[in-house]
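In: fold the following.
(chains A and B)
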Amino acid sequence: MAKEKLQRLRTRGHRVVLNRSAGGDTGITIMLTFLGLFMFVPMYYVVIQSLKPLDELFMFPPRFYVIRPTLENFGDLFTLMSDSWVPFSRYIFNTVFITICGTLGNLVFASMAAYSLAKLRFPGRNAIFQVIVMSLMFHSTVNQVTHFIILSAFGWIDTYLSIIVPSMAGTMGLYLMKQFMESSVPDTVLESARLDGASEFRIYLTIAMPMVKPAWLTLMVECFKNLWNSGSSIYIHSEELKTFNYAIQQIVSGGIARSGAGAASTVVMMMVPILIFVFNQSQIVETMGSSGMKD
Amino acid sequence: MSQISEANRPVKRSEVSKLRWTWQEMKNNKTAYFMLAPFLLLFIIFTVLPVVLSIFLSLTDFNMLQMPHFLGIDNYMRLFLDDEIFILAIQNTMIFAAITGPVSYILALLVAWFINELPPKIRAVVTLVFYAPSISGNAYLIWKTLFSSDSYGWANAVLIKYGIITEPILWFQNADYVMPLCIVVALWTSLGTAFLSFIAGFQTIDRSMYEAAAVDGIKNRWQELWYITLPTMRPQLMFGAVLAITNSFGFGAVVDALCGFPSVDYAAHTIMHHLGDYGGARYEIGYASAIAVILFIIMFSSNIIIKKALSKVGE
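Out: Here you go, the predicted model:
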């Protein structure tokens, strides 16, 4: 019985493939291609638009290829940037500063908390983690009104702090790191370090953290992505404190003549998170392996 | 001698009251609390406190200028009985969430499952193709170019070329089209963290389980998915569901950027917009807080329902 079944197995390449009909394979390939085009074509179109010279941008019907590719639009973007009354380097500095401070703060605070929640037993541990998981269940914009009140109580409105400090308490990074520590840092290693007299903080820093490198890379990428893409904030109104993303959107929203520069700016903005993801993809997927939620 | 050891020996749980035991344990784990403290403090200030504050303020008429007065449930009465736009916002939010949530969830799961059997190199590329839109900031604005209101927009150009329409359609200014278009764009950006979690989940499943299942009479890939793969992946499914729900209520920014605010005839007006309108523009903090509380209730109850449903997977 069992032998008959195994004889019917198909092989794909050198591997035995179980329960895979050729019809199903075809259907899945077609669906995947269709969905892939849906995802890919708009991204591709951004890049193509950014390379089109002005006359091709206004060609009817619009084309999905470019006849005479040019970097003019990127040049225009650069010219537009140097015309703004706050020097453009200032916007770039703001984004870089906010991103670095927020990401580092989140890394330090969340990894310490993750170690504590994953590897130490103390009263209140489960309750605290439950509350943190609950916070994953609502979108942060729900809090925007009361958030504003709290920030103004601290006098942080219109300062870097209004963006940096709350981002340090991002829960997604903590959650992923806690789950990863639980599954990939063996208790026996920590136990023997404790017997050698190492303090918990030392164990966290010299044993646990090096073992969860994929998790902290993921945390940094996650936090970086959020801060990098942050545009106009309702907590900041001074022009010289605003971000690169905000500024670039302002200068390219100046009507249809700038649609080429607009596409160029989108390409610049999206390249950074995409490249960072590409370089860290395997680590991020490894981290996600333990992201599951127990009910 | 016996007295000293009596004093030094560790306290056993049965010997002391629950309170003292807890206190003792807390003292023994001081480091744990110290390591947790910085994060927890910020978390409480910037996440827990705003929620609690919302609940309190929703019972008042606070407006940032005057001393608040206690109103009881008046704000809620006004929301449901006197505010037609809020009722419209609830409807839109529900339609939006009921479509984007499940569709993005199933899409993420199916795509992750489809690409699971591809060779690693190709899988990495395909993963990037599907994941990239969700991390590309405002790249979704390209949909505004594709569905631009003049004939330079791709959609209009195609329709005009084949003689289906003669005048360009004002896609994002037409109440019939804004909602479906926003849903499509929202789905385009929705394959994020949950999608990666599913991909990882499929990879961690032990292949020998499939071989055993084939011998035990699993006939095709769908049975294999339902009886073996999904039950094994239940933790990932749960995590993905939480994120899908959260995101399905959080597409306000996408809608704003595409349709402007307010959208034409409030056709894409969601609770999130209503909240921003009263909280950010009109400073009716008490009223806005009531809207926020309603949103909390909707989000949490969706989570509870989904968790119940997911525990039925593979049965």
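In: where does A:Arg8 land on pLDDT?
Out: Looking at A:Arg8, its pLDDT is 52.
In: that should have said A:Arg12, apologies.
Out: 56.
In: surely B:Thr145 is in contact with B:Ala155?
Out: No. B:Thr145 is not in contact with B:Ala155 according to Cβ atoms under 8 Å; the separation is 10.0 Å. Every residue, glycine included, has its C-beta placed from N, CA and C.
In: could you check how far A:Phe138 is from A:Ile164?
Out: Distance of A:Phe138 to A:Ile164, computed by Cβ to Cβ, to the nearest Å: 22 Å.
In: so whatever residue of the stretch 151-295 of chain A ends up closest to chain B, which of the three states?
Out: Nearest residue of the stretch 151-295 of chain A to chain B: A:Gly292, at 2.4 Å (Cβ to the nearest Cβ). Secondary structure, DSSP: H, G, I helix; E, B strand; the rest coil: A:Gly292 is coil.
In: correct me if wrong: it contacts A:Phe180.
Out: No. Using Cβ under 8 Å, A:Gly292 makes no contact with A:Phe180, being 11.0 Å away.
In: the more surrounded of those two?
Out: The neighbour comparison of A:Gly292 against A:Phe180 (other Cβ atoms under 10 Å in any protein chain shown) goes to A:Phe180, with 26 against 21.
In: quick one on the thing from earlier: which residues does the closest residue to the residue of the stretch 151-295 of chain A closest to chain B other than its chain neighbours contact?
Out: For A:Gly292, ignoring the flanking residues on the chain, the nearest one in space by Cβ to Cβ, 6 or more residues apart in numbering or on different chains is B:Pro235 at 2.4 Å. B:Pro235 makes contacts with A:291-294, B:201, as judged by Cβ atoms under 8 Å, 6 or more residues apart in numbering or on different chains.
In: show me just the buried residues among those residues.
Out: Buried by 16 or more other Cβ atoms under 10 Å in any protein chain shown: A:291-293, B:201, out of the contacts of B:Pro235.
In: switch the residues you listed over to CSV; also include distance to A:Gln250 and pLDDT.
Out: Shown next, in CSV, are the buried ones among the contacts of B:Pro235 (distance: Cβ to Cβ, whole Å; pLDDT from 0 to 100):
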residue, distance to A:Gln250, pLDDT
A:Ser291, 37, 88
A:Gly292, 42, 87
A:Met293, 40, 85
B:Gly201, 41, 90
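In: wait, which of the residues you listed is closest to B:Ala290?
Out: Checking the buried ones among the contacts of B:Pro235 against B:Ala290 by Cβ to Cβ gives A:Met293 as the nearest, at 30.2 Å.
In: got phi/psi on that closest one?
Out: phi -120, psi 120 (degrees, to the nearest 10).
In: surely it meets A:Gln130?
Out: No. Here A:Met293 lies out of contact with A:Gln130, judged by Cβ under 8 Å, at a distance of 11.2 Å.
In: quick check: buried residues in the longest helix along chain B?
Out: Longest helix in chain B, counting residues (DSSP state H): helix B:84-116. Residues of helix B:84-116 classed as buried under the neighbour-count rule (16+ other Cβ under 10 Å) are B:86, B:88-90, B:92-93, B:96-97, B:99-101, B:103-105, B:107-115.
In: of those residues, list those near chain A.
Out: When those are checked against chain A using Cβ under 8 Å from any Cβ of the partner chain, the ones in range are B:107, B:110-111, B:114-115.
In: now A:Met137, what's its secondary structure?
Out: Going by three-state DSSP: A:Met137 is coil.
In: again but with A:Phe279, I slipped
Out: Taken by three-state DSSP, the conformation at A:Phe279 corresponds to helix.
In: quick one: neighbours of it, just the number.
Out: Taking other Cβ under 10 Å as the neighbour definition, A:Phe279 ends up with a count of 12.
In: next: A:Ala193.
Out: For A:Ala193, using other Cβ under 10 Å, the count is 17.
In: is it true that it lies in a helix?
Out: Yes. Under three-state DSSP, A:Ala193 falls within a helix.
In: quick one: residues contacting the nearest residue to it once chain neighbours are set aside.
Out: Spatial nearest neighbour of A:Ala193, excluding adjacent residues (Cβ to Cβ, 6+ apart): A:Ile203 at 4.9 Å. When contacts are counted by Cβ under 8 Å, 6+ apart, A:Ile203 is found next to A:190, A:193-194.
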